[in-house]
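Engineer: Sequence and predicted structure below; questions after.
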Amino acid sequence: MAVVFGCWTSVSRKSVLPVFEELNGLLFYPVQYEGEEISKNVFYTGAAPNQQAIPAVEYLMSKDGGGAKRWVLLGTDYVYPRTTNKILRAFLKSKGVQEADIMEDYTPFGHSDYQTIIAKIKKFASEGKKTAVVSTINGDSNVPFYKELGNQGLKATDVPVVAFSVGEEELRGVDTKPLVGHLAAWNYFMSLKNPENDAWKKKWADYTKAKKLPYADKPLTNDPMEAAYIGVYMWKQAVEKAKSFEVGKVTAAMAGQTFKAPSGITSKMDEKNHHLHKAVFIGEVKGDGQFNVVWKTKGPVKAQPWSPFIAGNEKKVDEPALMATKK
Amino acid sequence: MRTVFFLLMLVLARPCLALDAAAVGKLAFGDADERSAALAVLVAEGDPKMVALLEALAAGDVQTAGERVLIVKGDEAIDAVTGAKVTPLPKEREDVVANNRLRREIESALSALKLLSPDRAARLAAAQALATGAEDAVLPLVKKAMAQETDPAIKPMLELIAATLELKGGTKESRIAAIRRLGDSNSPNTKTLLMALLEKDKEGRFAETDEDVRAAAQASLRAVEGKLVWGEMGGLLFAGVSLGSILLLAALGLAITYGLMGVINMAHGELIMIGAYTTYVVQNLFRAHAPQAFDWYLVCALPAAFAVSALVGMVLERVVIRWLYGRPLETLLATWGISLALIQMVRTIFGAQNVGVENPSWMSGGIQVLSNVVLPWNRVMIIAFAALVLVGMWMLLTRTRLGLFVRGVTQNREMASCVGVPTARVDTLAFGLGAGIAGLAGCALSQIGNVGPDLGQGYIVDSFMVVVFGGVGQLAGTVYAALTLGFANKFLEAWSGAVIAKIAVLVFIIIFIQRRPQGLFALKGRAAET
């Protein structure tokens, strides 16, 4: 087999990784993740923490984002939120935020009663300075969370919530009225206006109609879809360059590949670290389940899979070639 | 630039009709700082015509076409500066995006403008909105309003708002007076303001150098906090009752099928889920055929959910469960299998993703009882609904013939049969009743959480926990157990976090059941021994 495009969560990727490394396979992983991993057999086309979480927090700290000084780090209790919050906590401290101004809280999987947590956030927010919530709440728990937020009268203009796993597809089954103004950070939004995106959206709409997919009446695109799409095309370009399906040759040809992405930038595969250079966008939820892009990075950002904000990462090299020789 | 000049000329030509074009242009095209400065200019002018523009901007109805700023509603557009109708609608238009910062400033400005309204209710609402957080830019307007305000309810509020805005500047005396005044407030925002005065920098020095100001702030802070504590306790109490009512709704159906009939029904959660999906279908029917009555779709959804779930329950009883009475292990396996089949069936029909069930408008938002306690309408309604279902079920079991039969059959099947009770039919009806109540629970739960194929899985453990904890066969026990678990969960959550709370409650139940296997309330007499 020449290549696999897939895996959805970090858990599934970690499970297949030993097989790919043993048999020298090739995997393209299209979802944002917590970093702390690098393999010569994997290309990561989703965002590393410095391409999603950290810019989002920087935005909320800025005047435009509301100048947040106090932080609630809220997540579902598993590896991605815990690691991300560890990185964010260290990052916030490096920016001079004090321990007392950070509140970290976790809920079990499938938690659906957010009354006390919202009450805690309210109390925390009243104890001085502008507060923002960084949510790594997983999937299904988001709806009860946002519903409670809206019903308890905590508006985005008072306490904005930025989420890292809520996108167009997640908002499909949701009444978005109470969510308006809350934020999401991604490397692509369906609402981006550029020729590449228009063409891509049209292609996808035609495809869903032709194949009679469910929801063909309302085709949506989102960030992981874009990341997977870039992955496939880059692989094709690399194969054409290498004139071979051989994993070693394709991997070498992948270095420095560029692709005009639907996000509107020319995304480049880093020469060394197997991660894409991506632009970061912050969007505010609109009433129709789409996002208003309110901020974006000046240009593409290089990924740092080994976050400098986690102790012990200083010595780790983010280049799989070097990693391999060290083993 | 030429256009701006042109627009300026236009303004000069029609001074009484148009807004400050330069400021409007900045508001639409400028960067964030320019936009907020432009907003301040417009607010300072206090022109009531601006309300339309700001409301449109907050609602996302403002667009630009070239250099013109338009307010677009449906197919009609008005020029924001002149107020003239624009026909035809220009083809190339860009949305003007308001971010949270601008929206906050707009809200504040809109409220401030309404302070000058001749309508007392509008003024009061505006003052209340501003009391929870006003932007500095509105101070001149607030002062202007304060000077002409005569209403005894509104004037003190305006003074409070002005006091909060003036905290940062002014003389020592005026600041202390402002701080004292803040002590009368009971809003969490006041606490924020006062705490800012008592803040220390990194070296441990106070940012506020004046000791008298700090002392005044300290005293006011204590006064405010004293008032807020009650709200916090009240909120927690309500959260406990709310969770209790949800547990009760989820468990009531099971209290019949498992508690009274003794069927270990693992498909109970799926009967809840079917009720929720029925609600979804009814909602869609209303949206498609009777959008004007959409707010009342729940009234139809309730009986529909009951009927569909009851029907499914009765079919299950007839086809599967009836053949397994007295064989709990087989019942458990069979109903578990049924639950998987039902989940898969729903997944095939409706798709694996969650479906959206919208709250009717009268169930959105909340009622503010104290400054820091908002009781969400959907939760209030569910508490009331749970009480209603409980009363209804109790009446049915104690006051009707069917109820009498059900109790008779559960207490002594042979004897009931001997005196002529059609036990098989009673079984079917009782199971249908339990399933129907699960359906009602599903309808209620669709208003607070997700509706997806896995919905029932989240409630099955909780339901069994409540019924077993309360004592099998006891309706009253179920009620006490649901409320106890609700309170325990919420108080622990507030104290230790949600993860630990969940674990602690489970451990507590295990220990409790070991000590007292019959549950909170045990059946007494002969029925208990059999």
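Structural biologist: Received, thanks.
Engineer: What does the pLDDT read for residue 46?
Structural biologist: Here I'm looking at chain A. The model reports A:Gly46 with a pLDDT of 92.
Engineer: I was thinking of chain B, sorry if that wasn't clear
Structural biologist: 68.
Engineer: try the one 10 residues further on
Structural biologist: According to the model's per-residue confidence, B:Ala56 sits at a pLDDT of 83.
Engineer: Count the neighbours of it for me.
Structural biologist: 19 (other CB atoms under 10 Å in any protein chain shown). The C-beta positions use only the backbone N, C-alpha and C, and glycine is treated the same way.
Engineer: And for B:Val320?
Structural biologist: 16.
Engineer: Could you find the closest non-adjacent residue to it?
Structural biologist: Take B:Val320 and drop its neighbours on the chain: the residue closest to it by CB to CB, 6 or more residues apart in numbering or on different chains is B:Ala334, 5.6 Å away.
Engineer: what about the one you found, which helix or strand?
Structural biologist: B:Ala334 belongs to helix B:328-350 when elements are defined using DSSP states H and E.
Engineer: how about whichever helix or strand comes after that helix: buried residues?
Structural biologist: Beyond helix B:328-350 on the C-terminal side, the first helix or strand identified by DSSP H and E is strand B:366-370. Judged by neighbour count (16 or more other CB atoms under 10 Å in any protein chain shown), strand B:366-370 contains these buried residues: B:366, B:370.
Engineer: Is A:Phe309 in contact with A:Ala90, as I believe?
Structural biologist: Yes: shown here, A:Phe309 and A:Ala90 form a contact pair, counting by CB atoms under 8 Å, at 3.6 Å.
Engineer: give me the number of residues near the residue nearest to B:Val320?
Structural biologist: Applying other CB under 10 Å, we find 20 residues neighbouring B:Ala334.
Engineer: Isn't it up against B:Ile321?
Structural biologist: Yes: at 7.2 Å, B:Ala334 and B:Ile321 qualify as touching, with contact defined as CB under 8 Å.
Engineer: Could you check which helix or strand contains the nearest residue to B:Tyr297 once chain neighbours are set aside?
Structural biologist: Sequence neighbours aside, B:Phe286 is the residue nearest to B:Tyr297 in space, at 4.0 Å (criterion: CB to CB, 6+ apart). In this assignment (DSSP H and E), B:Phe286 forms part of helix B:268-289.
Engineer: which helices and strands sit right next to that helix?
Structural biologist: Other elements packing on helix B:268-289 under the criterion 3 or more CB pairs under 8 Å, 6 or more residues apart in numbering or on different chains; DSSP states H and E are helix B:211-254, helix B:297-319, helix B:328-350, helix B:423-445, helix B:457-470.
Engineer: Just the buried residues of it, please?
Structural biologist: When burial is assessed from 16+ other CB under 10 Å, helix B:268-289 yields the following buried residues: B:268-280, B:282-283, B:286.
Engineer: Equivalent analysis for stretch B:59-74, please.
Structural biologist: Applying a neighbour-count criterion of 16+ other CB under 10 Å, the buried positions in stretch B:59-74 are B:60-65, B:68-72.
Engineer: could you dump these to CSV with pLDDT?
Structural biologist: Formatted as CSV, those follow (pLDDT from 0 to 100):
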residue, pLDDT
B:Gly60, 76
B:Asp61, 80
B:Val62, 83
B:Gln63, 82
B:Thr64, 82
B:Ala65, 80
B:Arg68, 80
B:Val69, 82
B:Leu70, 83
B:Ile71, 84
B:Val72, 83
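Engineer: Just the closest of those residues to chain A, please.
Structural biologist: Taking CB to the nearest CB as the measure, B:Gly60 is the one of the buried residues of stretch B:59-74 closest to chain A, at 6.9 Å.
Engineer: Got the phi and psi for the closest one?
Structural biologist: According to degrees, to the nearest 10, the main-chain angles of B:Gly60 amount to phi 80, psi 30.
Engineer: doesn't B:Asn99 make contact with it?
Structural biologist: No: under the contact definition of CB under 8 Å, B:Gly60 does not touch B:Asn99, with a separation of 11.4 Å.
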